[in-house]
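# Here's my sequence, what's the structure:
(2 chains)
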Amino acid sequence: AQTVTQSQPEMSVQEAETVTLSCTYDTSESDYYLFWYKQPPSRQMILVIRQEAYKQQNATENRFSVNFQKAAKSFSLKISDSQLGDAAMYFCAYMSGTASKLTFGTGTRLQVTL
Amino acid sequence: DTGVSQDPRHKITKRGQNVTFRCDPISEHNRLYWYRQTLGQGPEFLTYFQNEAQLEKSRLLSDRFSAERPKGSFSTLEIQRTEQGDSAMYLCASSSQGPNTEAFFGQGTRLTVV
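All right, here's what the predicted structure looks like:
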């Protein structure tokens, strides 16, 4: 079974600074997708960024980028120029290429301070 | 379309009672998922529908849990003879068919069993 590990329960960053959230996963599959989801205090999950395992290029969405290290099974999220609205729980998630369900990590709570 | 809608947002029930939750997905999405999220954890997959067919059920889903999607549109999740351990946030998500498609989440139904 696939597992997703987020080893940082909480992180803090100052506004306008950069922060990196860590995620590792375990799988024996070669076809899969990785995601970062944001869950603000209102509890609705929002997709931040996704990465296809077959793509070597790291995904980027505005201030959000990933560092995908396939051999190391690592998928970290970098948030640049942090904003107060980035404060939330961040979940790393895995999806097999042959299935539709998401397997989530335990999350990292990000605090953004002035 | 205002996104994935879940009803009710909050439910308090006595142990042993039955409860039913409803999820209305984004109208053009044919896939619908139920997840359960307990405090401090990431969402855990419960079950998944493609149109009206229930294609996968997690081993987490005991016999007391049943889900339906009778016309391939809205879905219901029923828990019979609730237990205190059922207290959690129940999340619904929907997506269109195809690999790597984004899952859109509802705000969830928070169940408290007293």
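
# What is the neighbour count of whichever residue of chain B sits closest to chain A?
With CB to the nearest CB, the shortest gap between chain B and chain A falls at residue B:42, namely 3.2 Å. Yep, even glycine has a C-beta here, placed from its N, CA and C like the rest. Residue B:42: 22 surrounding residues under other CB atoms under 10 Å in any protein chain shown.

# Just confirm it contacts residue A:107, I think it does.
Yes - taking CB atoms under 8 Å as the definition, residue B:42 is a contact partner of residue A:107 at 5.3 Å.

# overlap in contacts of those two?
Listed contacts common to residue B:42 and residue A:107 are residue A:91; contacts here mean CB atoms under 8 Å, 6 or more residues apart in numbering or on different chains.

# Show me the strands in the chain, by range?
Chain wasn't specified; assuming chain A. With strands called from DSSP state E, chain A shows them at A:3-5, A:10-14, A:19-21, A:24-26, A:32-39, A:46-52, A:60-61, A:64-69, A:74-79, A:88-96, A:103-104, A:108-113.

# wait, I meant chain B there
Taking DSSP E, the strands of chain B run over residues B:5-7, B:10-13, B:19-24, B:31-37, B:44-50, B:53-57, B:65-68, B:75-79, B:88-95, B:104-105, B:109-113.

# In a markdown table: those, plus mean neighbour count, mean pLDDT and distance to residue A:9.
Below are the strands of chain B laid out as a markdown table (neighbours: other CB atoms under 10 Å in any protein chain shown; pLDDT from 0 to 100; distance: least, CB to CB, whole Å):
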| stretch | mean neighbour count | mean pLDDT | distance to residue A:9 |
| --- | --- | --- | --- |
| strand B:5-7 | 17 | 97 | 27 |
| strand B:10-13 | 14 | 98 | 26 |
| strand B:19-24 | 19 | 98 | 29 |
| strand B:31-37 | 24 | 96 | 16 |
| strand B:44-50 | 20 | 95 | 18 |
| strand B:53-57 | 14 | 93 | 30 |
| strand B:65-68 | 18 | 96 | 29 |
| strand B:75-79 | 20 | 98 | 29 |
| strand B:88-95 | 24 | 96 | 18 |
| strand B:104-105 | 22 | 94 | 22 |
| strand B:109-113 | 18 | 97 | 22 |
